[in-house]
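Participant: Let me see the structure of the following:
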Amino acid sequence: MARIAGVDLPRNKRTNIALTYIYGIGNPRAARILDAAKVDPMKKVQDLGEDEVNRIRQVIEAEGIGGRRSAQRKFR
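Facilitator: So this is what the prediction gives:
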């Protein structure tokens, strides 16, 4: 199971749908992330290689998306 931004992505979902489980990522942003990471959006999470997961993780970190905890810290 891929863990990105503190969220375990569901293994049986397509990557573009699975990324929307992360707080702050919707369908348009998921498409941009996968395009920047050069990952096929129709590929299932269970079929992703470690290098593809790392590329997705790097793009998400570069955009500053980090789940609910990082969003809460910004407002304190």
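Participant: residues in contact with Pro41?
Facilitator: Arg14, Thr15, Asn16, Ala30, Ala31, Leu34 (Cβ atoms under 8 Å, 6 or more residues apart in numbering). For glycine as for every other residue, the C-beta is placed from the backbone atoms N, C-alpha and C.
Participant: Next secondary structure after the helix or strand hosting the third one?
Facilitator: In other words, Asn16. Per DSSP states H and E, Asn16 falls inside helix 15-18. Next helix or strand after helix 15-18 toward the C-terminus (DSSP H and E): helix 27-37.
Participant: Give me the residues contacting that next one.
Facilitator: Against helix 27-37 from outside (Cβ under 8 Å, 6+ apart): 15-17, 19-20, 25, 40-41, 52, 55-56, 58-60, 63, 65.
Participant: Give me the buried subset of those residues.
Facilitator: Thr15, Asn16, Ile17, Leu19, Ile25, Pro41, Glu52, Arg55, Ile56, Val59, Ile60, Ile65 (16 or more other Cβ atoms under 10 Å).
Participant: Hmm, which of those is lowest in pLDDT?
Facilitator: Least confident entry in those, by pLDDT: Ile65, with 75.
Participant: ok, that residue - contacts?
Facilitator: Counting by Cβ under 8 Å, 6+ apart, Ile65 has contacts Ala5, Ile22, Tyr23, Gly24, Ile25, Arg29.
Participant: what's around the first one, how many residues?
Facilitator: In terms of burial, Ala5 registers 21 neighbours under the definition other Cβ atoms under 10 Å.
Participant: How about the second one?
Facilitator: Residues near Ile22, counting by other Cβ under 10 Å, number 21.
Participant: now swap in the fourth one and tell me
Facilitator: By other Cβ under 10 Å, the residues close to Gly24 number 16.
Participant: Residues touching the longest helix along the chain, excluding its own?
Facilitator: Counting by DSSP state H, the longest helix found in the chain is helix 50-63. Helix 50-63 is contacted by residues 2, 4-5, 15, 19, 22, 25, 33-34, 36-39, 43, 48, 66 when judged by Cβ under 8 Å, 6+ apart.
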